[in-house]
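Q: Only the shape, not the letters, is given here:
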């Protein structure tokens, strides 16, 4: 079998990104040749106008949907077949991603509501995990995102998260909001 076809099949069936070293071992080629083979696969996907591309994420390679397909995928995400996270779970996931390691109490303080259910859901789905315990009374757990989180978001590392500053309102808007909620 052609190694390029084998690579495509491996990246198609995998449930997690495959490291270059593992691809080299399975395909029986030098590690240096894997990058070229991956680039060739991506080039051929582009040539045949495939809706797929090959991307490096979470320390390995995986097949993903091309950006141009996102409008269709968004419509599909609204269908009964697709599974979605609740707004609360998405908020908690954002807090953990940007503030990790973070405790349940810190998440609740940032969101202003109890977040235990959302944290349990995200743990069950494997998107966050307990990373440590704080040396405080009760030894509260602190959470971090997982490699599955990086994979699902198509990121290679947390450094690839968009800057949070891009989503924060200007200082004058923040001050007006804070003044609205002050009890003078």
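A: All right, it came through fine. Please read all numbers here as calculations on a predicted model, not as lab measurements.

Q: Spatially nearest residue to residue 161, not counting backbone neighbours?
A: Leaving aside its chain neighbours, residue 161 sits nearest to residue 97 (6.2 Å; criterion: CB to CB, 6 or more residues apart in numbering). To be clear about C-beta, it is placed using only N, CA and C from the backbone, and glycine gets the same treatment.

Q: what element comes up after the helix or strand that neighbour falls within heading to the C-terminus?
A: Secondary structure from DSSP states H and E places residue 97 in helix 87-99. With elements assigned by DSSP H and E, the helix or strand that comes after helix 87-99 is strand 102-103.

Q: List the neighbouring strands of that following strand plus their orientation.
A: When pairing is defined by DSSP bridges, strand 102-103 lines up against strand 141-145 (antiparallel).

Q: what sits up against the partner strand?
A: Strand 141-145 is contacted by residues 93, 96-97, 100-104, 107, 119, 123, 127-134, 158 when judged by CB atoms under 8 Å, 6 or more residues apart in numbering.

Q: What's the end-to-end length of stretch 55-64?
A: End-to-end distance for stretch 55-64: 7 Å, by CA to CA, to the nearest Å.

Q: got the contact list for that stretch?
A: 8, 11-12, 14, 16-20, 22-23, 38, 52-54, 147, 150-151, 154-157.

Q: can I assume residue 100 is in contact with residue 131?
A: Yes - Residue 100 is within contact range of residue 131, at 7.4 Å (criterion: CB atoms under 8 Å).

Q: Endpoints of stretch 129-146, how far apart?
A: End residues of stretch 129-146 are separated by 7 Å (CA to CA).

Q: Tell me which residues of it come out buried.
A: Neighbour counts using 16 or more other CB atoms under 10 Å place 129, 141-146 of stretch 129-146 among the buried residues.

Q: Could you list the low-confidence segments of the protein?
A: Counting by pLDDT under 70, the ranges of the chain that qualify are 1, 78-83, 166-169, 173-174, 176-184.

Q: And the strands in it, which stretches?
A: 52-57, 60-65, 102-103, 128-133, 141-145 (DSSP state E).

Q: Put together JSON lines for those strands, with distance to residue 33 on each row.
A: Listed next are those as JSON lines, based on distance: least, CB to CB, whole Å:
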{"stretch": "strand 52-57", "distance to residue 33": "15"}
{"stretch": "strand 60-65", "distance to residue 33": "13"}
{"stretch": "strand 102-103", "distance to residue 33": "42"}
{"stretch": "strand 128-133", "distance to residue 33": "35"}
{"stretch": "strand 141-145", "distance to residue 33": "32"}
